[in-house]
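Colleague: got a predicted structure plus its sequence, pasted below:
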Amino acid sequence: MSVFEGFRFRHVTSPIHRLDPRVKFLYVLMMFVVAILFTQFLPLLVLFFLQLPFVLVAGVKKEWLRSLRGAVFLVTMIFVFNFVFGYFYRTHTGAALLEFSLAMSLRFLVLVESFSIFFLTTSPDHLSLALEQSHVPYEFTFAFTTAVRFVPVLAEEAQTIMDAQKTRGLELERGNFLKRVRNYIPILIPLIVSAIRRSLELAEAMESRAWGATDKRTNLYVLRMKAGDFVLIALSILLLAVGVYVHYFVSIPSLSQFLPPLPF
Amino acid sequence: MIEIKDISFTYPTGVEALKDVSLTIGDGEFVAIMGQNGAGKTTLVKHFNGLLKPAKGEVLVDGVSTRDVSVAKLARKVGFVFQNPDHQLFSETVEEEIAFALRNFGFDEATIEKRVTWALNLLDLTEYRKTSPFMLSGGERKRVALASVLAWDPTVVILDEPTIGQDHRQKENLRQFIVQLNGQGKTVVVVTHDVEFVAECNPRVVLMTGGQTVADGEAKKILTDTTLTLAASIVPPQITQIFLGLTDLGLPFDVINVSEAKKILLEYLEGANH
């Protein structure tokens, strides 16, 4: 469950936590676009390090590292697939192939990094407020925040189920790959059944508390943009502008210039 | 025998659930662990089969430290019936559900068949042999969970809140069943805050508050001690409450059993008539 921990919000405050979630989302979006623009290693490396100040100011270094560690498996897969297919289909060769595969893995890491910063510094309440004020229908907002809120509950339930099956002699780490996958069936079935049961109960509880009785809801708190928010908007737009400029007008040095010819 | 030597445990969230707890549970004993919510009861029993390992101190099951063996190994000796049966049921039929643990422990098919039939019969579930456990009622699911643990014949049986959600008749069945298990020489540990249930079973009671054991002894002594029960936020059994109010008649106050109470009252009334 440690992967979820890397995205789970904790109640602390920092200048980053106080930013408007809509603005933070704009920043994530811009980071996303710029990361997709580039297929070279160096600019993606710059993007990766560009986000470090956010992590440090927000004081979420430990959780952030954990989210990266959780991504290691997928990053490795991305690297291997790009490398193997690039090799067989001859899209790239030699050092260029190595650089391309590394860049694709790093791109994914940059995306994970920005989403992790977003979720680590935005409380679920703020997020739903932001969605509501962006005129997203309340049904969707509610479904989204409920899903986010139930992740830790589900994680805890999964732990209990694992304990229960372990006491019935289930050894998760035993056997070959297929056997190990099958070992998870006794855990997944109770988990899914109870999630469905829980959602039905939740629906009943909502109905009995007059959910959807009025069309227009009001909120106790209203999000307002502050100076810091405008600074982040400016920075995000600047990031996009610089990204586009570099992409079209600057020739980016490639790794192959620094490496000896490689045998693939 | 389960020996708990001075253990402490803190959850990753920072909650200190157990503080220097020591306890010995001998073979064939019947122990009820009581206390209010959050007293550390479930945390304590999860140490008995190694689901949790103590941060400090040691837990020995038949002389072997729980740190040195896997839960699956310990489970062969220490059976644990979880509070909510829905956390363990997953098979297509009740029969398969009960056979699951037996397969994990490596019993041969003939033995599995014999044990499953035995367990179904024991808990009055034979007619549901081929039924999906998800189609059963709450009480029946609880019995399936119990059968699936008893099937491999563990020497220690731990039951976490077995009476929750059971009607009076089911509770009485469960009580007789537990007493019978204990009579067959099994060590039974029950985690509960159902005072009436404990009063009728009359086991050894371990009382917990704030992660520590505050009392350990006969149910009769502990459940009738108002200072203790108040500290542990439990209410004495109803029959005891009556006798606590009748002390001015010269009656004993440490009564937890209804038939015993009846006898005392009848004797008193006879005496008053003459």
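Modeller: Structure received. Numbers count the residues shown, from 1 in each chain, chains lettered A, B, ... in the order given.
Colleague: every contact and neighbour count from this point should use C-alpha atoms.
Modeller: Noted.
Colleague: now the strands for chain A?
Modeller: In chain A, no strands are found when defined by DSSP state E.
Colleague: remind me which residues of it are low pLDDT?
Modeller: A:1-11 (pLDDT under 70).
Colleague: what's near enough to touch the residue most central in space within it?
Modeller: The centre of chain A sits closest to A:F115, judged by Cα atoms, centre = their mean, with a distance of 4.0 Å. In this structure, A:F115 makes contact with A:V28, judged by Cα atoms under 8 Å, 6 or more residues apart in numbering or on different chains.
Colleague: that one and A:L109: what is the separation?
Modeller: The gap separating A:F115 from A:L109 is 10 Å, by Cα to Cα, to the nearest Å.
Colleague: now A:V34
Modeller: Separation of A:V34 from A:L109 (Cα to Cα) stands at 13 Å.
Colleague: which parts of the stretch 101-250 of chain A are helices?
Modeller: Secondary structure of the stretch 101-250 of chain A, counting by DSSP state H, counting those that start in this stretch: helices at A:124-133, A:138-166, A:177-183, A:185-208, A:227-249.
Colleague: deepest-packed of those helices, please.
Modeller: Of the helices of the stretch 101-250 of chain A, the one with the most neighbours on average (mean count of other Cα atoms under 10 Å in any protein chain shown) is helix A:124-133, at a mean of 18.
Colleague: which elements pack onto it?
Modeller: Counting contacts by 3 or more Cα pairs under 8 Å, 6 or more residues apart in numbering or on different chains; DSSP states H and E, helix A:124-133 packs against helix A:21-37, helix A:138-166.
Colleague: which other helices and strands contact the first one?
Modeller: Contacting helix A:21-37 under the criterion 3+ Cα pairs under 8 Å, 6+ apart are the following elements: helix A:41-50, helix A:94-121, helix A:124-133, helix A:227-249.
Colleague: and with 7 Å instead?
Modeller: helix A:94-121, helix A:124-133, helix A:227-249 (3 or more Cα pairs under 7 Å, 6 or more residues apart in numbering or on different chains; DSSP states H and E).
Colleague: in stretch B:181-201, what counts as buried?
Modeller: Of the residues in stretch B:181-201, those buried by neighbour count under the rule 16 or more other Cα atoms under 10 Å in any protein chain shown are B:181-182, B:186-201.
Colleague: what sits closest to the residue of the stretch 101-250 of chain B found nearest chain A if chain neighbours are left out?
Modeller: Of the residues in the stretch 101-250 of chain B, the one nearest chain A is B:A101, at a distance of 4.9 Å by Cα to the nearest Cα. Using Cα to Cα, 6 or more residues apart in numbering or on different chains and skipping the chain neighbours, the partner closest in space to B:A101 is A:R168 (4.9 Å).
Colleague: which of the helices and strands packed on helix A:124-133 sits closest to B:S259?
Modeller: For B:S259, the closest of the helices and strands packed on helix A:124-133 is helix A:138-166, at 38.0 Å, according to Cα to Cα.
Colleague: and that closest one, anywhere near chain B?
Modeller: Yes. Against chain B, helix A:138-166 shows contacts by Cα under 7 Å from any Cα of the partner chain at A:161, A:163-166.
Colleague: any idea which of the residues you listed is closest to B:E97?
Modeller: For those, the residue nearest B:E97 by Cα to Cα is A:Q165; the value is 11.2 Å.
Colleague: find the nearest non-adjacent residue to that closest one, please.
Modeller: Counting by Cα to Cα, 6+ apart, the nearest residue to A:Q165 once its immediate chain neighbours are dropped is B:Q88, at 6.3 Å.
Colleague: so the one you found sits against A:T167, correct?
Modeller: No. Counting by Cα atoms under 7 Å, B:Q88 does not reach A:T167; the two are 10.0 Å apart.
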